[in-house]
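Visitor: From the sequence below, what's the structure:
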Amino acid sequence: MVSPSPVPTLLLLDDDPGVLKVLSHLGGRAGFDVSTYEDPAGALDAVRQSAPDVAMVDLRLPRMGGLTVITEIKRSAPSCEVLLMSGYATVETAVEAVKRGAQDCVTKPFDISALLQKLDRLRVVIDARRQDADRRAAGRADTSFESMIGQSPVMRELFELIERVAPHFTTALVTGETGTGKELVARALHQLGRRRDRAFLTVNCSAIVETLFESELFGHTRGAFTGAVETRPGLFERAHGGVVFLDEVGELPHAMQSKLLRVLETGEVAKVGSRDVHRVDVHVIAATNRVLEREVAEGRFRADLFYRLNAVELTLPPLRDRLEDVPLLAQAFIERCARTLERSVPTLSRDAEERLINWPWPGNVRELRNTLERACMLGRGDRIDASDLRLGSPATLIPAAESQVRRIRDLERDEIDRALAETRGNKKEAAKRLGLSRRALYRRLDKFGIHSSR
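Guide: Numbers count the residues shown, from 1 in each chain. Below is the predicted model of the structure:
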């Protein structure tokens, strides 16, 4: 794996010591190594000696205006992201600042929450750039794992768990929101397991007519029902010695849940229309975007089947929780689309990259892939700009998407609240129940403003 990048640096320039103190604290909270300056000359000397990743510059400064400082910073450190600060800025000032290279303007008095969010987004962009540069310098691409792409801590943990589980599992449950890549996890388990040379058969439980479920899974004899013109083996028989992947297992009808449980417990199947029993040796991977614990509590999913499938659970994080992976995924999708279209690989502009990182991605990786493929097909030239993505801005999400994002976040918070309640505030145990690392849980607690004593 690529070694972690150095802590990103933030330079603060303001002639008010009180402002510098507040901003220094906020910058530290956002994960930056902060340096402060009250004098423009000293700040510019520091920029020339060691270019900061981000600079926040006040508009009104002694002996040199903030706009002039921005020009000098961008001349000495073109990659530095600059934010202009002012309680007096007009639209014209903001436009001029952007023309001179500023990334954005921040108004005084500060909206602390908005400023922290802005700094966090910038840190994600900087980390992604640094890690990409590290990989290129090292001449290696170590972010791919069995067709999955990611270098974020949560994905590294998932990759390590897959490697540990693959040689030993007989049943496994893969959970995650729609579009996160659950089938890729299932295929990785198969490829890294002892049955890599055997069958890997999949069935989407949400795409089969309920009356045909049993026939699809266990087969049928000739004449068993109208249209059964010949005897046919089911999925489990055809996968004998290999692996079955049950996608969207939460959609299984209740009657089929009991029959699936019997197969898992006894290894025996009987075709529809026959009393003959056949033994099968099949490993099962199930996947769902539902919270099966809730489905069990509400009587829609059998508890005994859940516990049988949940011998080991692998949880895929939503894309909004691993935004540092967005540039990597975007590049991979762009290159794949370019190969398909037999054209040169377009580059992704900085504005487009920032738009991708700032998007909440309610459709997760699948939505990102579709967005980049559309941009590649419809874009002109050798560069993809923000306008080619057709995403708008997070503040102007269409109502349906905004509602979906809000619903997903509400469900996520409910699950965290429930886990903390069930463990009496024990964060270590709650993280285990949620399938998260403790660090990932702490990030969510901070995001939702949840406080626990342990």
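Visitor: can you pull the pLDDT of Gly425?
Guide: Per-residue pLDDT puts Gly425 at 83.
Visitor: List the backbone torsions phi and psi for it.
Guide: The phi/psi pair for Gly425 (degrees, to the nearest 10) reads phi 80, psi 10.
Visitor: which stretches of this structure aren't confidently modelled?
Guide: 1-5, 89, 131-143, 211, 392-412, 435-437, 439-440, 443, 447, 451-454 (pLDDT under 70).
Visitor: and the residue nearest to the spatial centre of it, what does it touch?
Guide: The centre of the chain sits closest to Leu319, judged by CA atoms, centre = their mean, with a distance of 1.9 Å. By CB atoms under 8 Å, 6 or more residues apart in numbering, Leu319 lies in contact with Gly179, Thr180, Asp325, Val326, Trp361, Asn364, Val365, Glu367, Leu368. C-beta coordinates here come from the backbone N, C-alpha and C atoms, glycine included.
Visitor: Just the closest of those to Cys337, please.
Guide: Leu368 (12.2 Å; CB to CB).
Visitor: Checking that closest one next. Helix, strand or coil?
Guide: Of the three states, Leu368 takes helix under DSSP: H, G, I helix; E, B strand; the rest coil.
Visitor: how far away is it from Gly181?
Guide: 11 Å (CB to CB, to the nearest Å).
Visitor: cool, Leu189 as well?
Guide: 13 Å.
Visitor: neighbour-wise, which of the two wins?
Guide: Leu189 (27 against 22; other CB atoms under 10 Å).
Visitor: Just read off the phi/psi values of the residue nearest to the more buried one when sequence neighbours are not counted.
Guide: For Leu189, ignoring the flanking residues on the chain, the nearest one in space by CB to CB, 6 or more residues apart in numbering is Ala166 at 5.0 Å. Phi and psi for Ala166, reported as degrees, to the nearest 10, are phi -50, psi -40.
Visitor: ok, now which ones touch the residue lying closest to Pro327 once chain neighbours are set aside?
Guide: Leaving aside its chain neighbours, Pro327 sits nearest to Ala128 (4.4 Å; criterion: CB to CB, 6+ apart). Ala128 is in contact with Glu324, Val326, Pro327, Leu328, Glu353, Ile357, counting by CB under 8 Å, 6+ apart.
Visitor: Sitting in helices, which of those do you find?
Guide: Among the contacts of Ala128, the ones falling in helices (DSSP state H) are Val326, Pro327, Leu328, Glu353, Ile357.
Visitor: about what we covered before: ok, so of the contacts of Leu319, who is nearest Gly250?
Guide: For the contacts of Leu319, the nearest to Gly250 is Thr180 (14.8 Å; CB to CB).
Visitor: Helices of the stretch 351-454 of the chain, residue ranges please.
Guide: Counting by DSSP state H, counting those that start in this stretch, one finds helices in the stretch 351-454 of the chain at the ranges 364-378, 386-389, 399-422, 427-434, 438-448.
Visitor: Now do the second one: everything it contacts.
Guide: The one in question is helix 386-389. So helix 386-389 is contacted by Ser349, Asp351, Ala352, Glu354, Arg355, Leu356, Thr371, Ala375, Leu378, Gly379 (CB under 8 Å, 6+ apart).
Visitor: on that earlier part again, for Glu96, state which of the ones in helices among the contacts of Ala128 is nearest.
Guide: Relative to Glu96, the closest of the ones in helices among the contacts of Ala128 is Glu353; by CB to CB it sits at 24.1 Å.
Visitor: That closest one contacts Ala330, doesn't it?
Guide: Yes. Glu353 lies in contact with Ala330 (CB atoms under 8 Å); the separation is 7.3 Å.
Visitor: and the two? which has more neighbours close in?
Guide: More crowded of Glu353 and Ala330, by other CB under 10 Å: Ala330, with 24 against 20.
Visitor: That one in helix, strand or coil?
Guide: helix.
Visitor: so which of the contacts of Ala128 comes closest to Ser274?
Guide: Among the contacts of Ala128, Leu328 lies closest to Ser274 (CB to CB), at 50.9 Å.
Visitor: How many residues are close by that closest one?
Guide: Based on other CB under 10 Å, the number of other residues close to Leu328 is 22.
Visitor: Looking at the contacts of Leu319, which is nearest Lys99?
Guide: Nearest to Lys99, judged by CB to CB, of the contacts of Leu319 is Val326 at 27.3 Å.
Visitor: quick one, strands of the stretch 1-150 of the chain?
Guide: 9-13, 33-37, 54-58, 81-86, 102-107, 144-145, 148-149 (DSSP state E, counting those that start in this stretch).
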